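# How does the following fold in three dimensions:
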Amino acid sequence: RYVTHPYYLRSLHIPEIHPSQDTVSSYERYEIPRLSLPCPPTPRGNTATDYWESLDARDTEIRKSLVKDTSLKAKAIVGTCPDMCPEKERYERESQRRLSVFEKKEDGLSVDHRTAIKEYSRSAADKGAPLCHELRPLPVLMMTMDYICTCIIDRSNEHRDWYNFVWDRTRS
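Reported below is the predicted structural model:
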């Protein structure tokens, strides 16, 4: 489904398609870089907390193996997360019961992995720099904004239902 309301079209960056190009939107032409991550340790149980702890252990090992580049020419980190929300954050928020109604399954308890969107969090001194598999590339960011505009805003009748959710998720 395409965004047709002029207000949303103004706020979305929709790349122009020249007649010489095919009709596929330009963000679909981008390749999302693939990253092979080490398998997380096998969780002891099947709960969201167990999965989150195993993914956190994997990320800790990755951070230990990274070598800081102290040269003056720093390279930009390229995001490789193919989802609207990184896997570790989805399980963390499910275990801490910080899910929005727009991100839950029909049962109202577990996360719907297809509709979860990264939550805004302020940077802090004790937090490490994000890993590349926690960052979303441009095509995923555009897909996320399309999803917010067409599936959240357009389908909700009351502003109070989605306003805070959209405010938080667009900041992330």
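# Against residue 99, how distant is residue 147?
16 Å (CB to CB, to the nearest Å). All C-beta spots, glycine's among them, are computed from the backbone N, C-alpha and C.
# Between these two, which is the more surrounded one?
residue 99 (19 against 16; other CB atoms under 10 Å).
# Can you check what pLDDT the model gives that one?
For residue 99, the model assigns a pLDDT of 91.
# Likewise for residue 133?
According to the model, residue 133 scores 89 on pLDDT.
# hang on, it in a helix?
Yes: applying DSSP: H, G, I helix; E, B strand; the rest coil, one finds residue 133 inside a helix.
# Count the residues that sit near it.
20.
# ditto for residue 98
11.
# which non-adjacent residue is nearest it?
Nearest in space to residue 98, with sequence neighbours left out and distances taken as CB to CB, 6 or more residues apart in numbering, is residue 119 at 7.2 Å.
# looking at it, that neighbour is touching residue 168, isn't it?
Yes: in this structure, residue 119 is within contact of residue 168 by CB atoms under 8 Å, at 6.3 Å.
# what about those two, which has more around it?
Comparing residue 119 with residue 168 by other CB under 10 Å, the one with more neighbours is residue 119, at 19 against 15.
# for the more buried one, phi and psi?
Main-chain torsions, residue 119, degrees, to the nearest 10: phi -90, psi 150.
# Same question for residue 111.
phi -80, psi 140.
# and if you look at residue 112?
Per degrees, to the nearest 10, the backbone of residue 112 is at phi -90, psi 110.
# Return the set of buried residues in the lengthiest helix in the chain.
Using DSSP state H, we find that the single longest helix of the chain is helix 48-65. Neighbour counts over helix 48-65 (16 or more other CB atoms under 10 Å) mark 48, 51-55, 58-59 as buried.
# Identify, from these, the entry nearest to residue 114.
Proximity of those to residue 114 (CB to CB) peaks at residue 48, which lies at 16.0 Å.
# residue contacts, that closest one?
Residues near residue 48 by CB atoms under 8 Å, 6 or more residues apart in numbering: 91, 94-95, 110-111.
# Let's see that with 6 Å instead.
Contact partners of residue 48, counting by CB atoms under 6 Å, 6 or more residues apart in numbering, are 91, 94-95.
# Redo these as CSV? Include neighbour count and secondary structure.
Output for those, formatted as CSV (neighbours: other CB atoms under 10 Å; DSSP: H, G, I helix; E, B strand; the rest coil):
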residue, neighbour count, secondary structure
91, 24, helix
94, 22, helix
95, 16, helix
